[in-house]
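Trainee: quick one, what's the 3D model for this:
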Amino acid sequence: MENPASPPSPAAPGSQMVHEALGASPRGLGRLHTDGPEMVLADLVYTAARHLDHLHQQFNDAAGSAASTLTRAISGNAAINSLGVLQNSATQIDILAARRADAVDRLKEVIGAYRQVTASKDTTARQPTSPRAAPAAIPASAVLPPSAVRGHHR
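Mentor: Residues are numbered from 1 along each chain as shown. Prediction:
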């Protein structure tokens, strides 16, 4: 079971971002709401955080594999292919890095939307339920001397 007080590991940057921004785990946000737009946004935050965590893991795996390949090539423990050492690994890492950056931006947007909706609900809940009447207009005759009011109408 997740402990909402302890932040997730750095290996899960999406979950970590949510915890730092909202003080709860992505899964924990869903438990705070039963329905409505808050629940929908909590689910979107959870999905975006999991997506970022998944892309981060893929990026780390690809980068680790490339580092291992380069280490073997440097030490002379691997044959170097005439087409290149990394071949398409470098492109894959670049694509994953770009996708990861997009996922970070997306998660920031969803966290912002979640904050707006939950803040506006808190503000709405604090507002009085009965509408206030607008103050009555003060007639000019109550403020100005009678000579000024009569002189204006001529």
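Trainee: contact partners for Arg100?
Mentor: Leu52, Leu55, His56, Phe59 (CB atoms under 8 Å, 6 or more residues apart in numbering). From N, CA and C alone the C-beta is placed, and that goes for glycine too.
Trainee: how near is it to Ile80?
Mentor: As judged by CB to CB, to the nearest Å, Arg100 and Ile80 stand 29 Å apart.
Trainee: contacting residues for Arg99?
Mentor: For Arg99, the contact set (CB under 8 Å, 6+ apart) comprises Leu55.
Trainee: tally of neighbours for Pro37?
Mentor: Burial of Pro37 is recorded as 14 neighbouring residues (other CB atoms under 10 Å).
Trainee: quick check: phi and psi on it?
Mentor: Torsion angles at Pro37 (phi, psi; degrees, to the nearest 10) stand at phi -60, psi -30.
Trainee: make 36 the first number, not 1, from now on.
Mentor: Sure thing, new numbering starts at 36, so read that last one as Pro72.
Trainee: for Asn112, see how far away Ala83 is.
Mentor: 41 Å.
Trainee: my bad, should have said Gln122
Mentor: Taking CB to CB, one finds Gln122 at 18 Å from Asn112.
Trainee: so between these two, which is more surrounded?
Mentor: Per other CB under 10 Å, whichever of Gln122 and Asn112 has more neighbours is Gln122, with 12 against 8.
Trainee: what helix or strand does Ile146 sit in?
Mentor: Per DSSP states H and E: Ile146 is located in helix 124-161.
Trainee: report the distance from that helix to the chain centre.
Mentor: Remark: helix 124-161 is offset 3 Å from the chain centroid, using CA atoms, centre = their mean, to the nearest Å.
Trainee: and it, which residues are buried?
Mentor: By neighbour count on 16 or more other CB atoms under 10 Å, the buried set for helix 124-161 is 124, 127-128, 131, 134-135, 138-139, 141-142, 145-146, 149, 152-153.
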